[in-house]
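> This is a predicted model, with the sequence first.
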There are 2 protein chains.
Amino acid sequence: MKLESLIVSDSQKVQNGIISKIKELINYKNLEPGDKLPSERMLSERFGVSRGNVREAIQKLEFYGLLKSIPQSGTFVANIGVVAMNGMIDDILRLDSPDFKSLVETRILLELKAVKLASLRRTEEYLKHIKETLDAYEQKVLSGEDAVQEDLLFHLAIAKASGNSTLNTFMLTITPQIIIDFGKYHVCDKNQAVLAIEEHKQIYQAIKAQNPDLAKQKMKEHFNVLYQYCYNSKSV
Amino acid sequence: MKLESLIVSDSQKVQNGIISKIKELINYKNLEPGDKLPSERMLSERFGVSRGNVREAIQKLEFYGLLKSIPQSGTFVANIGVVAMNGMIDDILRLDSPDFKSLVETRILLELKAVKLASLRRTEEYLKHIKETLDAYEQKVLSGEDAVQEDLLFHLAIAKASGNSTLNTFMLTITPQIIIDFGKYHVCDKNQAVLAIEEHKQIYQAIKAQNPDLAKQKMKEHFNVLYQYCYNSKSV
DNA sequence: ATAACCAATCTGGTTAACCAATTTTTTGAA
DNA sequence: TTCAAAAAATTGGTTAACCAGATTGGTTAT
């Protein structure tokens, strides 16, 4: 699954259509966990679409854990009942494109947790990595250059140090979209970049000192501009 | 991106190899944002792999916002500098398979936020949907049947009511894996399922009353068994 | 009657050929 | 010499043919 591209393309629509058809088929045939789906070829013929389209739809459902393809054998309904199957497919079909507000809101949630965990769990190696990204950011800003990338890498380094692989993955997922929107809305200016150097340093020091509450507090302050931008208030 | 399958397959390895090669190429040729990558055919020949493999690798990097393919034109480096590009590709290559602990830890984080947001933002329609899943769960448990699915749908209904599409997507992403692991470790027994009915009702009432703090508190209590399981302590 | 075996068939996965749109090069008239 | 128009080459996307392994049903030897 992708955290879909923001534009709902035509192929997206046909894919959703196929997913709906597969859902109907599972209900109609009363397929239960472990049952085999008709072959890709049969599905493509029955639905009147190409086999590639069917494969894409199956892969998407496989990503969400609803189906399981086994080579040279078939595609099987995962170990999940028809009720949850229906509910989740409906959810998947109605997945909204992520809006900027929800992206930022979620980013803040993830980062505040990540910085706490990083404070508790950081190894010397990860701490060193954070320090490197910190220095790189400072150097870039002080030389007057744009440092959006280095800022990003500092935050990703913290996520990596959190020791939570799921958190890290999610951060990697939303970061590119955040960057794109940041560029679009011109959130960062030079002045803020200079101020952020000190904020970054304080966050780093708190992580180094293994003080999770302080680290979270400093990260919160660092995000104030984002809060303002999205909610027009200092706290949520 | 997928939140990769837990087994690192062979094709996974060759894909990571190709991603590494693409990274080296970008560095070697000093490609900057907007520059065009060599065509898929040239890359497949240069790397000695099939064009399909190259396409997969490109699509993965496209998912993380690092590349952008334009039909009948070419594949381009996204509007992100070489520094962030290198850092993010390294992160992507080193992405760990999500372990159960990090999944649960992240799930709790997401749900506690979701239940607060749902309390604040729930519409009558979403509230009704939550109520439906609540009743379905109760009925299933009281009739002595397994109700893992209905439990899941209750939690997903709350995520949907949070009004945060990114949060909702992430919940959908980790839920299947949680279910699989739950089944594996036999976390839920009949007794807990009955107790959970009351907990669900209290959560629902708090959301209905638009009391975010109470809702979060009740959700926290509901998760106590998970905390115990993962940390051997009642709170984190 | 049963178990072992084998070949025909069916499966998802992979590869190569094809397509339409785009870009680049060529061409020829002004 | 210039520039527009057309043709050739290149692009990512799509489709159809092919592959190796799993399944299945029938057959045969025990």
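Ah, there it is. Treat the numbers as computed from the prediction; the structure is a model and nothing was measured.

> all contacts plus neighbour counts: C-alpha atoms, from now on.
Noted.

> and A:Leu134, what does it touch?
For A:Leu134, the set of contacting residues under the criterion of Cα atoms under 8 Å, 6 or more residues apart in numbering or on different chains consists of A:150, A:154, A:197, A:200-201, A:204.

> and chain A, what are its domains?
Per the record's domain assignment (automatic domain parsing), chain A is made up of the domains A:10-94, A:100-231.

> quick one: average pLDDT of the last one?
Spelled out, it's domain A:100-231. Within the predicted structure, the mean pLDDT of domain A:100-231 is 89.

> So what's the gap between it and the chain middle?
When distances are taken as Cα atoms, centre = their mean, to the nearest Å, domain A:100-231 is centred 15 Å away from the chain's centroid.

> that older thread, which one of the contacts of A:Leu134 is nearest to DNA strand D?
For the contacts of A:Leu134, the minimum distance to DNA strand D (Cα to the nearest atom of the strand) is 28.4 Å, reached by A:Glu150.

> Pretty sure that closest one sits against A:Asp135.
No: applying Cα atoms under 8 Å as the test, A:Glu150 and A:Asp135 come out as separate, 9.2 Å apart.

> Compare neighbour counts for the two and give me the winner.
When A:Glu150 and A:Asp135 are compared for neighbours, A:Glu150 comes out ahead with 23 against 15, by other Cα atoms under 10 Å in any protein chain shown.

> does A:Ile203 belong to a helix or a strand, and which?
When secondary structure is defined using DSSP states H and E, the element that contains A:Ile203 is helix A:190-208.

> Where does A:Lys68 fall, secondary structure wise?
Taking DSSP H and E as the definition, A:Lys68 sits inside strand A:67-70.

> Partner strands of that strand and their direction?
Taking DSSP bridges as the criterion, strand A:67-70 sits next to strand A:74-77 (antiparallel) in its sheet.

> mind exporting the following helix or strand past the partner strand as CSV, just the C-alpha atoms?
Note on strand A:74-77: by DSSP H and E, the next helix or strand toward the C-terminus is helix A:82-94. Backbone C-alpha positions of helix A:82-94 (Å, rounded to 0.1, in the frame of the first residue of the first chain) are rendered in CSV as follows:
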residue,chain,number,x,y,z
VAL,A,82,-15.4,-12.5,6.4
VAL,A,83,-16.6,-9.8,8.8
ALA,A,84,-13.2,-8.2,9.3
MET,A,85,-12.5,-8.8,5.6
ASN,A,86,-15.5,-6.8,4.5
GLY,A,87,-14.8,-4.0,7.0
MET,A,88,-11.2,-3.7,6.1
ILE,A,89,-11.8,-3.8,2.3
ASP,A,90,-14.4,-1.0,2.7
ASP,A,91,-11.8,1.0,4.7
ILE,A,92,-9.1,0.4,2.0
LEU,A,93,-11.5,1.6,-0.7
ARG,A,94,-12.4,4.7,1.1
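
> by how many degrees do the very next helix or strand once past helix A:82-94 and helix A:190-208 diverge?
Moving toward the C-terminus from helix A:82-94, the first helix or strand encountered (DSSP H and E) is helix A:100-121. Between the axes of helix A:100-121 and helix A:190-208, defined by axes from the mean of the first three to the mean of the last three Cα atoms, to 10 degrees, the angle is 30 degrees.

> elements contacting helix A:100-121?
Using 3 or more Cα pairs under 8 Å, 6 or more residues apart in numbering or on different chains; DSSP states H and E, the elements in contact with helix A:100-121 are helix A:148-161, helix A:165-185, helix A:190-208, helix A:212-222, helix A:224-231, helix B:165-185.

> can you list contacts of that helix?
For helix A:100-121, the external contacting residues (Cα under 8 Å, 6+ apart) are A:155, A:158-159, A:161-164, A:167, A:171, A:174, A:178, A:181, A:206-213, A:215-216, A:219-220, A:223, A:226, A:230, B:109, B:113, B:164-167.

> same check, this time on stretch A:158-165
Contacts to stretch A:158-165, defined as Cα under 8 Å, 6+ apart, come from residues A:111, A:114-119, A:121-123, A:126-127, A:130, A:167-168, A:171, B:95-99, B:102.

> neighbours around the residue nearest to A:Thr123 when sequence neighbours are not counted, how many?
Closest residue to A:Thr123 in three dimensions, ignoring its sequence neighbours and counting by Cα to Cα, 6 or more residues apart in numbering or on different chains: A:Ala161, at 7.5 Å. If you count neighbours by other Cα under 10 Å, A:Ala161 ends up with 27.

> A:Val83 now?
13.

> could you measure the closest residue to it other than its chain neighbours against B:Lys201, distance?
Counting by Cα to Cα, 6+ apart, B:Gln149 is the residue found nearest to A:Val83 once chain neighbours are left out, at 6.7 Å. Noted for B:Gln149: a distance of 17 Å to B:Lys201, by Cα to Cα, to the nearest Å.

> For the two, indicate the residue with more neighbours.
Of the pair B:Gln149 and B:Lys201, B:Gln149 is the one with more neighbours under other Cα under 10 Å, namely 19 against 16.

> That one against A:Asn79, yeah?
No: no contact is recorded between B:Gln149 and A:Asn79 when judged using Cα under 8 Å, the distance being 10.4 Å.

> Would you mind listing what in chain A touches DNA strand C?
By the rule Cα under 7 Å from any atom of the strand, the part of chain A lying against DNA strand C is A:37-42, A:55, A:69-75.

> which residues touch A:Ala57?
A:15-16, A:18-19.

> repeat for A:Tyr204
The contact partners of A:Tyr204, by Cα under 8 Å, 6+ apart, come to A:130-131, A:134, A:215.

> Sort out for me which of these are in helices.
The helices, defined by DSSP state H, take in A:130-131, A:134, A:215 from those.

> among these, who's most crowded?
Looking at the ones in helices among the contacts of A:Tyr204 with neighbours defined as other Cα under 10 Å, the largest count falls to A:Ala215 at 27 neighbours.

> could you measure it against A:Lys201, distance?
A:Ala215 sits 11 Å away from A:Lys201, taking Cα to Cα as the criterion.

> go on, A:Val115?
13 Å.

> which SS class is A:Glu32?
coil (DSSP: H, G, I helix; E, B strand; the rest coil).

> before we move on, the earlier item: from the contacts of helix A:100-121, list the buried ones, please.
Applying a neighbour-count criterion of 16 or more other Cα atoms under 10 Å in any protein chain shown, the buried members of those are A:155, A:158-159, A:161-164, A:167, A:171, A:174, A:178, A:206-208, A:210-212, A:215-216, A:219-220, A:223, A:226, B:109, B:113, B:164-167.

> coming back round to it: of all the domains of chain A, which gets the most neighbours per residue?
Neighbour counts (mean count of other Cα atoms under 10 Å in any protein chain shown) averaged over each of the domains of chain A peak at domain A:100-231, with a mean of 19.
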